[in-house]
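Next come a sequence and a model predicted from it.
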Amino acid sequence: MEENNKQENNNQTRNNPNKKPNPNRQPNKNPNQKPQAQGQGQGQNRNKKRKGPPKFSAKLGNQEWEKDIKEAIRANKKVRTDALATFNTIPANTSASVKITPLGGLGEIGGNFMIMETNTSAIIIDIGMSFPSEDMHGVDILVPDFSYIRKIKDKIEAIIITHAHEDHIGAVPYFFKQFKFPIYATPLPLGMISNKFDEHGLKKDKSYFRPIEKRKVYKIGDFEVEWMHVTHSIIDASSLAITTEAGTIIHTGDFKIDHTPIDGYPTDLHRFAHYGEKGVLLLLSDSTNSYRAGITKSESTVGPTFDRIFNNAKGRVIMSTFSSNIHRVYQAITHGIKYNRKVCVIGRSMERNLDIAMELGYVNLDRRIFIDPHEVNKYDDKDVLIVTTGSQGETMSALYRMATDEHRHVKIKPTDQIIISAKAIPGNEASVSRVLNYLIKAGAHVAYQDFSEIHVSGHAAIEEQKLMLRLVKPKFFMPVHGEYNHIHKHAQTGISCGVNPRNIYLMSDGDQIEVSQRALKKVGTVKSGKTYIDNQINKQVDDDVIMDRQNLAEAGVVMIVAQIDKQTKKLISKPVVRTYGIVPDRRDKAFSKEMEEILDQFLINAKPQLFEDQRGIENGIRQVVRKHIFRQKKKYPTIVPTIFLM
């Protein structure tokens with residue numbers, strides 16, 4: 001006890017040096033207090049002098065402190081809630097709206113074509129092509145129907161291009177043959193469109209090109225447009241931030257979020273976050289990979305797979321991919337250089353696209369490494385890399401002609417290592433399989449989907465779609481680019497990321513959607529569809545021609561030549577009957593006899609005045625023959641009667 005008293009007196013002396021210690025001072029005593037262990041009192045004194053926030057306990061003794069805590073909880077909750085709904089900060093003092101009309105790219109993969117318009121101006125976003133189905137005989141590509149453009153052409157200010165894939169720029173030259181508006185795009189898309197204009201005799205129309213800079217805002221009619229860099233399976237791809245009086249609309253275009261791209265330029269997430277913090281009215285986002293879980297792998301993951309294949313290859317390496325996938329081509333070429341191979345690029349589109357990319361400085365390659373196709377056989381097989389088109393099994397592509405032994409300079413050998421570094425576009429699976437069969441029959445080693453990282457997608461998977469939704473935080477959401485099941489799945493992802501289900505609309509081509517600060521709603525429907533193109537002559541094929549071809553392929557044709565006596569109302573001689581796709585050759589005679597009986601019965605029942613009308617009697621014969629064949633074959637073939645009334 002004495003030591004404690006002395007210590008307390010010393011403490012008092014230190015705190016007040018003018019005050020003398022009182023040696024007779026006794027400590028306060030509590031008769032119920034037990035004796036303390038030595039040192040316990042000192043610890044309590046130290047605790048009394050400790051500064052800082054009170055120790056938290058389940059029972060908040062201090063009412064003021066409890067009030068502050070509750071206020072902080074309320075404030076933090078509000079901050080988090082407000083941060084998720086920054087669109088509420090958009091000024092609500094306007095009745096302005098924007099009308100959005102997709103005319104391609106929904107309900108399908110490809111053919112992207114969209115119009116945004118206000119009351120006084122409009123812009124077109126991308127004009128892409130798509131591939132035909134197998135029953136569209138003689139058709140190479142499909143381009144959107146431009147009928148609606150004729151109605152609003154006086155409002156259109158410009159064409160806005162997001163990137164240079166064919167499903168976004170492939171229909172531009174066909175569009176320009178009918179309409180001419182300024183084309184705003186980054187340099188690579190303009191370079192590739194320039195090549196197309198050269199092919200289509202549109203060189204003079206390059207005066208409509210408007211090269212843009214990313215992160216710079218361009219005033220185009222009633223729209224302010226900023227191109228934002230994104231990673232994709234082609235260089236120089238962009239998303240769009242479109243600011244209008246109604247609010248800001250983000251159109252992602254095709255994108256993925258690659259943090260380690262080949263050129264070192266990742267997706268510009270900062271700009272999406274910037275607009276997300278300002279408040280975004282509407283998000284239009286790529287839905288192609290909406291069923292793919294996780295994230296899409298980086299383009300750089302293909303490199304090690306290439307290295308392993310090149311290292312093991314004993315003969316030529318022949319790599320096929322999309323001609324627009326410049327970074328994939330670049331990776332293949334750099335590995336060819338590593339293993340001392342000369343590079344031969346075969347395929348007109350592949351040559352043009354690589355040349356444009358080199359000319360514009362997107363890739364840097366020494367031109368001395370390249371050889372022409374006729375030089376391939378001058379080098380040992382182990383010293384050659386061939387980069388070519390045909391990854392989708394196109395019958396006119398270089399790879400297809402090599403596989404079928406029709407290429408002028410390259411014949412497939414058993415020592416060849418083939419790399420098909422692409423995935424079949426929906427609808428092209430049969431064509432790709434056909435080429436694979438030809439290559440394997442020729443004895444070549446083929447690397448396709450058995451190598452998991454021989455190809456990576458250029459589209460965002462679910463977790464990347466979620467990140468985009470969280471960065472942008474839109475009030476309204478419309479998934480785009482994909483079949484209906486893709487956009488439906490993307491909508492579910494949007495709901496899981498906090499978008500109100502009532503603020504989501506699933507569009508179809510031709511729908512007209514109006515968005516304002518108050519609502520997102522459908523206001524009409526316009527004509528949409530496809531125009532058929534024969535790419536060999538770069539001209540349109542009329543719809544009725546395609547329908548005739550489809551009917552001929554599905555139901556066949558019957559040609560009948562007959563002479564009829566108007567007086568006796570009988571056949572003068574046996575009719576000549578030719579069929580294609582109806583009966584086998586061995587039944588031609590029996591079928592001809594059958595048709596003769598049908599004609600005899602028709603003439604007996606025909607009205608007298610019909611024998612004065614050659615066209616009328618031909619139509620009558622056409623109908624009875626078609627009905628007869630349908631009863632037997634359940635087909636409606638094309639009937640071509642040629643009747644001579646004598």
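It's in.

How is residue 306 classified with respect to secondary structure?
Here residue 306 is helix, with the state taken from DSSP: H, G, I helix; E, B strand; the rest coil.

what's near enough to touch it?
By Cβ atoms under 8 Å, 6 or more residues apart in numbering, residue 306 lies in contact with 331, 332, 335, 419, 454. Backbone N, C-alpha and C define where each C-beta goes, glycine included.

Likewise for residue 641?
Going by Cβ under 8 Å, 6+ apart, residue 641 touches 559, 560, 561, 562, 618, 621, 622, 625.

Secondary structure element holding the nearest residue to residue 407 once chain neighbours are set aside?
Spatial nearest neighbour of residue 407, excluding adjacent residues (Cβ to Cβ, 6 or more residues apart in numbering): residue 401 at 4.2 Å. Following DSSP states H and E, one finds residue 401 within helix 398-403.

Any idea how many residues pack against the residue nearest to residue 407?
18 (other Cβ atoms under 10 Å).

try residue 328
So residue 328, with other Cβ under 10 Å, has 26 neighbours.

and it, that's in a helix?
Yes - the assignment for residue 328 (three-state DSSP) places it in a helix.

Give me the nearest residue to it, chain neighbours excluded.
residue 321 is the one closest to residue 328 (Cβ to Cβ, 6+ apart), at 4.8 Å.

still on that earlier bit, sort out which of the contacts of residue 641 are in strands and list them.
Residues of these located in strands (DSSP state E): 559, 560, 561, 562.

Any buried residues in stretch 531-550, and which?
Residues of stretch 531-550 classed as buried by neighbour count (16 or more other Cβ atoms under 10 Å): 531, 532, 533, 538, 541, 546, 549.

okay if I get the residues you listed as TSV plus pLDDT, secondary structure and distance to residue 475?
Converted to TSV, these look like this (pLDDT from 0 to 100; DSSP: H, G, I helix; E, B strand; the rest coil; distance: Cβ to Cβ, whole Å):
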residue	pLDDT	secondary structure	distance to residue 475
531	86	strand	36
532	85	strand	40
533	81	strand	39
538	69	coil	44
541	77	strand	44
546	75	helix	43
549	81	helix	48
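
Could you pull out the strands in the stretch 401-550 of the chain for me?
Along the stretch 401-550 of the chain, counting by DSSP state E, counting those that start in this stretch, strands occupy 417-420, 445-447, 476-480, 511-516, 520-525, 530-534, 539-541.

ok, and which of the ones you listed has the densest surroundings?
Ranked by mean neighbour count under mean count of other Cβ atoms under 10 Å, the strands of the stretch 401-550 of the chain are led by strand 476-480, which reaches a mean of 26.

by contact count, what packs against that strand?
strand 282-286, helix 484-496 (3 or more Cβ pairs under 8 Å, 6 or more residues apart in numbering; DSSP states H and E).

Identify, out of those, the most deeply packed stretch.
strand 282-286 (a mean of 27).

where does the stretch 51-200 of the chain have low pLDDT?
Applying pLDDT under 70 to the stretch 51-200 of the chain flags the ranges 51-62, 92-93.

Now do the buried residues in stretch 74-89.
Quick answer for stretch 74-89 (16+ other Cβ under 10 Å): 86, 87.

Could you export that stretch as CSV, CA atoms only?
The C-alpha coordinates for stretch 74-89 follow below in CSV (Å, rounded to 0.1, in the frame of the first residue of the first chain):
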residue,chain,number,x,y,z
ARG,A,74,-27.9,5.5,-42.4
ALA,A,75,-25.5,7.8,-44.3
ASN,A,76,-23.3,5.0,-45.6
LYS,A,77,-26.4,3.1,-46.8
LYS,A,78,-27.6,6.1,-48.6
VAL,A,79,-24.1,6.6,-50.2
ARG,A,80,-24.1,3.0,-51.4
THR,A,81,-27.6,3.2,-52.7
ASP,A,82,-27.1,6.5,-54.5
ALA,A,83,-23.9,5.2,-56.1
LEU,A,84,-25.9,2.3,-57.6
ALA,A,85,-28.5,4.7,-59.1
THR,A,86,-26.5,7.6,-60.4
PHE,A,87,-29.0,7.9,-63.3
ASN,A,88,-31.2,9.7,-60.7
THR,A,89,-28.9,12.7,-60.9
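
max-length helix in the chain?
helix 63-84 (DSSP state H).

After that helix, which helix or strand is next?
Using DSSP H and E, the next helix or strand after helix 63-84 towards the C-terminus is strand 97-104.

That following strand pairs with which strands, parallel or anti?
Partners of strand 97-104 in the sheet, by DSSP bridges, are strand 113-117 (antiparallel), strand 511-516 (antiparallel).

Reformat these as a markdown table; add distance to residue 74.
Listed next are the strands paired with strand 97-104 as a markdown table, based on distance: least, Cβ to Cβ, whole Å:
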| stretch | distance to residue 74 |
| --- | --- |
| strand 113-117 | 41 |
| strand 511-516 | 32 |
